[in-house]
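>>> need a 3D model of the sequence below.
(2 chains)
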2 protein chains.
Amino acid sequence: MKLEKVRALGAHIITYDRLRESREEIGVRIAGEQGRALVKPFDDPFVIAGQGTIGLEIAEDISPDVVLAPGSGGGLVCGTAIGVQARHPHAQVYAVEPEGHDDIARSLAADSIQANPPGVRSICDALLVERMGDITFEIARTRLAGALAVSDEDVRAAMRFAFANLKVVLEPSGAAALAGLLSGALDVRGRTVAVVASGGNVDAAMFARAIG
Amino acid sequence: MKLEKVRALGAHIITYDRLRESREEIGVRIAGEQGRALVKPFDDPFVIAGQGTIGLEIAEDISPDVVLAPGSGGGLVCGTAIGVQARHPHAQVYAVEPEGHDDIARSLAADSIQANPPGVRSICDALLVERMGDITFEIARTRLAGALAVSDEDVRAAMRFAFANLKVVLEPSGAAALAGLLSGALDVRGRTVAVVASGGNVDAAMFARAIG
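Okay, here's the model as predicted:
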């Protein structure tokens, strides 16, 4: 579905083998050969600033004690943290990662960037980067309260919840933070919580399975 | 799904046979026996005024040439018309009805309230009243530009469109106006159009069939 939609916008798509090739290297090579600018998906100050507008929007509406956002490269969750904490410094911001792909949690624990093992599968196809970025790691280590991991079943339950109660279509990666909240891993009783639910590009067949 | 959700809110639900009983009569009888106030679902000035806030919200954001809203009892579409036209008197407001249940179109054509034949089925379960209200008819005849009819297949296509492009869950009745737009029955090229998409209480199985 994502390939189709991007192609419909006029993009030329180059696919690669996630297990045997590096998309970062492919991007650098093409940019060099063709004199193009490389826009990294998360490890770029302007991309992080763009994600940060989500935090500003949250901060305008509420003063959250806890904020949950999907975590992978870290752009979304770190941008959100900067945005929210600019106005509400007490807000505790957590990244929510796919189980087995918990490099943010391990990087925070080790205080150095840790990679994910190759080949771990998850239905959260937008949260499967090899490791977080250098810039996002520096933000994460000073701004994040921690990271939670969610299973595919947690994510499907969150998609089902959003369908039945919020009337919103979430793709698995977009439902990760909601899954983190609903999993009960954090005790948020009596606290004001914001959840970033971002991304709804999911195939009809997968969505039907999740809500069924 | 609707029964479950209303029951969860603490309601006592009395079911009836749509083909052999009148819910209006049942409501009047219970209100009389138990000294309760009867809140009619559409033929009530305050209910229409409440629906009208949708029109005010549209009018704040855009100046529409055309507005489409689901039509049945007429509260939603008539309230929306009053709200929009208070600021944008030129806006043409259309009701969108289920095929075979097009009493608003026939009532406008005859300039008198026409009933629907009993037993007509549609997946738009919230748009199957026997006839529009006395108050809503008086508003409709002076404010509506017309009424369109949509088939079950039009409605499923609109649900699919909303899923894939808007990331919104619509129940069939809530997708009727969008179905009216997508059906192409109105030529809206170059015009500013507002569509009321209201209602997302749909069973997972029906939703899966619609988007599949």
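>>> so what touches stretch A:25-34?
The contact list for stretch A:25-34 (Cβ atoms under 8 Å, 6 or more residues apart in numbering or on different chains) reads A:I14, A:Y16, A:R36, A:A37, A:L38, A:K40. All C-beta atoms are positioned from the backbone trio N, CA, C, and that covers glycine.
>>> assign the last one to helix, strand or coil.
Three-state assignment for A:K40 (DSSP: H, G, I helix; E, B strand; the rest coil): coil.
>>> ok, the contacts of stretch A:25-34 vs chain B, which is closest?
A:I14 (24.5 Å; Cβ to the nearest Cβ).
>>> from the chain's centre, how far out does the strand or helix carrying A:R156 sit?
A:R156 belongs to helix A:152-161 when assigned by DSSP states H and E. Helix A:152-161 sits 16 Å away from the centroid of its parent chain (Cα atoms, centre = their mean, to the nearest Å).
>>> what comes up buried for it?
For helix A:152-161, the neighbour count (16 or more other Cβ atoms under 10 Å in any protein chain shown) marks A:D152, A:D154, A:V155, A:R156, A:A157, A:A158, A:M159, A:R160, A:F161 as buried.
>>> hmm, the helix or strand following that helix touching chain B?
Counting by DSSP H and E, the next helix or strand C-terminal to helix A:152-161 is helix A:172-182. No. Helix A:172-182 stays clear of chain B (Cβ under 8 Å from any Cβ of the partner chain), getting no nearer than 8.9 Å.
>>> so what does helix A:172-182 touch, helix or strand wise?
If contacts are counted by 3 or more Cβ pairs under 8 Å, 6 or more residues apart in numbering or on different chains; DSSP states H and E, helix A:172-182 sits against strand A:66-70, strand A:92-98, strand A:144-150, helix A:152-161, strand A:193-195.
>>> tilt between the longest helix seen in chain A and strand A:92-98?
As assigned by DSSP state H, the longest helix anywhere in chain A is helix A:45-61. Angle, helix A:45-61 to strand A:92-98, by axes from the mean of the first three to the mean of the last three Cα atoms, to 10 degrees: 120 degrees.
>>> which of the contacts of stretch A:25-34 sit farthest apart?
A:Y16 and A:A37 (19.7 Å; Cβ to Cβ).
>>> more neighbours: which of those two?
A:Y16 (12 against 5; other Cβ atoms under 10 Å in any protein chain shown).
>>> tell me the residues of chain A that contact chain B?
So far as Cβ under 8 Å from any Cβ goes, chain A lies against chain B at A:1, A:160, A:163-164, A:167-170, A:200, A:204-205, A:207-208, A:211-212.
>>> and the next helix or strand past the helix or strand of chain A at the bottom of the mean pLDDT ranking?
Lowest mean confidence among the helices and strands of chain A (mean pLDDT, DSSP states H and E): helix A:2-8, at a mean of 91. Counting by DSSP H and E, the next helix or strand C-terminal to helix A:2-8 is helix A:23-34.
>>> that next one: how far from the chain's middle?
The answer for helix A:23-34 is 24 Å, by Cα atoms, centre = their mean.
>>> average pLDDT across it?
Summarised as a single mean, pLDDT over helix A:23-34 is 94.
>>> do the same with stretch A:95-115
Stretch A:95-115 comes out at a mean pLDDT of 97.
>>> so A:G184 is in which element?
A:G184 belongs to no helix or strand, assigned by DSSP H and E.
>>> relative to chain B, how far out is A:E33?
Look at A:E33 and chain B: by Cβ to the nearest Cβ, to the nearest Å, they are 35 Å apart.
>>> next, count neighbours for that residue.
The number of residues packed near A:E33 is 8, by other Cβ under 10 Å.
>>> repeat that for A:E99.
16.
>>> from what I see, it and A:V150 are in contact.
Yes. Here A:E99 reaches A:V150: they are 6.3 Å apart, a contact under Cβ atoms under 8 Å.
>>> now do the same contact list for A:P70.
Counting by Cβ under 8 Å, 6+ apart, the residues that A:P70 touches are A:76-77, A:95-97, A:124, A:126-127, A:173-174, A:176-177, A:196, A:198-199.
>>> that older thread, of all the helices and strands packed on helix A:172-182, which one is nearest B:E24?
Using Cβ to Cβ, the helices and strands packed on helix A:172-182 put helix A:152-161 closest to B:E24, at 36.1 Å.
>>> in terms of secondary structure, what does the longest helix of chain A contact?
Judged by 3+ Cβ pairs under 8 Å, 6+ apart, helix A:45-61 is in contact with strand A:66-70, helix A:75-87, helix A:134-143.
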